[in-house]
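Novice: need coordinates for the following:
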Amino acid sequence: MTPLLNWLAGMSLSAGLVLLLIFCLRKPLARWLGAEYAYYLWLLVPLHVLGNLLLPKTIGVAPIDLPLTLIATPGTAVAQSAGSPTAVWLLSGMWIVGAAYCLARLLLELIALRRLVRQSRPATSDALSPTGPSDIPVGFSTAISTPVAAGWLKPLLLLPEDFTRRYSSEEQTLIVSHEKTHMQRRDNLCNLLARLIGCVFWFHPLFIVAQRCYRFDQEIACDALVLRQCHSHERQVYGHALVKSAVRRPAVAVVSPWQSRSTIKERIMTLNTHHKKPLRNLVAGALLAPVLVIGTLSLSTNVMADGNSTAPKGAIPITAITPYYPKSALKNGVEGRVTLEFTIASNGKAEDIEVLRSSPAGVFDKAAIKALSNSVFKPASGESGPKATRATFTYIFHLPPKKTSAENLGTIVTQPADPSTTK
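Specialist: As a prediction, the model looks like this:
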């Protein structure tokens, strides 16, 4: 499970940088180029994840070779854990439980949505206003209170039973146009993909915030596409339709509902900002897109994204054995250090041990080699699993500070003198 944790840690860092970039750019882009461009920014997240999985890791800075050290003092020849397998399995188990819970919730929502579609009744030709849809499948349902675009491969427009009574003819046309935009762009498929990525990174606070921001940008982008094809007076009609739906509860989370109570105010406030953009803004957007894509893929191919590198580096111990302190060195008050080079086998054992540096020469070599041969290290990860690599490890032999003469005095006990010995 260690490669999985390494990948999650690396992706949490690099994907977090991508999300921070989106958070910084989404509102300026919406004002400058249009709400659609702010929505398209979110494509950088799945692009980054896919690039990290498929592209070779060829870019990045290799870590510096820094041998790890272990200080040995007299009486400390015991096993020390520097990365306990128990902790690794505990973290892995926590991630699995969290991801399974998120997937279970998503599965329940998908089942509820399927039941919602099956229980709906098809709309007849005279059930809608004369301006109602004729080119998309439409159904009525008593289980919803707001129009929704349901389904992924063959989307279905579901309307509440009181749709024709609650909304005027103009409002119906605008609402249906909004939902048709969702269906044409396959926004429900994008929502499902976003939820799946969220299940993987359920522990990441930026992904939790990103889910809400993404859905808001999606709705604003649909509003913009619809209103740019409308007359100015229809903006007011559109706002009235939103207000009528503001008190209603939204539908299942994985679909594209007409309204969400938490965002209704901001959507109404942005209605007058959706205008056709000049050609120069569109050209600027076309030039900005490849820059963002290349930058995202650069993060995906960075070798630091998954924590793997072929460069030599210090060994990472799972269980490091502290060496015994040689009696001769202890008796003579000698301190020193030994740096060893060795091969970490695929099973984590130390093999082919060689002394690189020893000071003083030959005094601590035997103790260091014996301790290293009994230690266990984390093997490097290759494409086909763990692989053998060369590494370094340093033992420092250090004596505790000597006690001062005052500390060596101990406790002085006074007793009366023996009279027979006195003259």
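
Novice: okay, strands next: where are they in the protein?
Specialist: Here the chain has its strands, by DSSP state E, at 68-72, 79-81, 121-122, 138-141, 148-150, 156-160, 256-257, 317-321, 336-344, 350-359, 376-377, 380-382, 385-387, 389-397.

Novice: got the angle for the last one vs strand 317-321?
Specialist: Think strand 389-397. 40 degrees (axes from the mean of the first three to the mean of the last three Cα atoms, to 10 degrees).

Novice: other SSEs contacting strand 389-397?
Specialist: Judged by 3 or more Cβ pairs under 8 Å, 6 or more residues apart in numbering; DSSP states H and E, the packing partners of strand 389-397 are strand 68-72, strand 336-344, helix 365-373. C-beta: built from backbone N, CA, C; applies to glycine.

Novice: just the ones you listed: most buried one?
Specialist: Sort the helices and strands packed on strand 389-397 by mean neighbour count, taking mean count of other Cβ atoms under 10 Å, and strand 336-344 sits at the top with a mean of 21.

Novice: what is it packed up against?
Specialist: By 3+ Cβ pairs under 8 Å, 6+ apart, strand 336-344 packs against strand 350-359, helix 365-373, strand 389-397.

Novice: adding distance to residue 159, write the ones you listed out as JSON lines.
Specialist: Formatted as JSON lines, the helices and strands packed on strand 336-344 follow (distance: least, Cβ to Cβ, whole Å):
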{"stretch": "strand 350-359", "distance to residue 159": "69"}
{"stretch": "helix 365-373", "distance to residue 159": "72"}
{"stretch": "strand 389-397", "distance to residue 159": "62"}
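
Novice: residue 214 is nearest to which of the ones you listed?
Specialist: strand 389-397 (40.8 Å; Cβ to Cβ).

Novice: and the closest one, how far from the chain's centre?
Specialist: Remark: strand 389-397 is offset 33 Å from the chain centroid, using Cα atoms, centre = their mean, to the nearest Å.

Novice: what strands line up against that strand, and which way round?
Specialist: strand 68-72 (parallel), strand 336-344 (antiparallel) (DSSP bridges).

Novice: OK, contacts around the closest residue to residue 47 other than its chain neighbours?
Specialist: Of all residues not flanking residue 47 in the chain, residue 296 sits nearest, at 5.5 Å (Cβ to Cβ, 6 or more residues apart in numbering). By Cβ atoms under 8 Å, 6 or more residues apart in numbering, the residues touching residue 296 are 18, 44, 47-48, 51.

Novice: of these, grab the buried ones for ChimeraX.
Specialist: Selection of buried members from the contacts of residue 296 for ChimeraX, criterion 16 or more other Cβ atoms under 10 Å:
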select :18,44,47,48,51
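
Novice: turn the helices and strands packed on strand 389-397 into CSV, columns for distance to residue 205 and mean pLDDT.
Specialist: CSV is the format used below for those (distance: least, Cβ to Cβ, whole Å; pLDDT from 0 to 100):
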stretch, distance to residue 205, mean pLDDT
strand 68-72, 31, 53
strand 336-344, 35, 88
helix 365-373, 41, 89
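
Novice: out of these, which is closest to residue 196?
Specialist: strand 336-344 (35.7 Å).

Novice: which residue ranges form the helices in the stretch 51-200 of the chain?
Specialist: 85-119, 163-166, 169-184, 187-200 (DSSP state H, counting those that start in this stretch).

Novice: state the distance from the closest residue to residue 380 other than its chain neighbours to residue 240.
Specialist: Distances taken as Cβ to Cβ, 6+ apart place residue 389 nearest to residue 380, at 4.3 Å, with adjacent residues excluded. As defined by Cβ to Cβ, to the nearest Å, residue 389 lies at a distance of 68 Å from residue 240.

Novice: swap in residue 151?
Specialist: 28 Å.

Novice: with residue 317 instead?
Specialist: Taken as Cβ to Cβ, the span from residue 317 to residue 240 is 68 Å.

Novice: looking at those two, which one has more neighbours?
Specialist: residue 317 (23 against 16; other Cβ atoms under 10 Å).

Novice: the more buried one against residue 375, yeah?
Specialist: Yes. Contact criterion Cβ atoms under 8 Å: residue 317 and residue 375 qualify, at 5.9 Å.

Novice: what touches both of the two?
Specialist: The contact lists of residue 317 and residue 375 share residue 393, where a contact means Cβ under 8 Å, 6+ apart.

Novice: low pLDDT regions in the chain?
Specialist: Scanning the chain for pLDDT under 70 picks out the ranges 1-3, 55-85, 124-134, 246-265, 268-269, 271-282, 284-285, 299-315, 382-385, 401-423.

Novice: and if we set it to 50?
Specialist: Across the chain, the ranges flagged by pLDDT under 50 are 1, 58-67, 76-83, 130-131, 247-248, 250, 258, 303-314, 404-423.

Novice: excluding covalently adjacent residues, which one is nearest to residue 99?
Specialist: Per Cβ to Cβ, 6+ apart, closest to residue 99 is residue 199, 5.4 Å.

Novice: spit out the contact partners of that neighbour.
Specialist: 99, 102-103, 106.

Novice: so which of those residues comes closest to residue 371?
Specialist: Distances from residue 371 to those, taken by Cβ to Cβ, are shortest for residue 99, at 39.2 Å.
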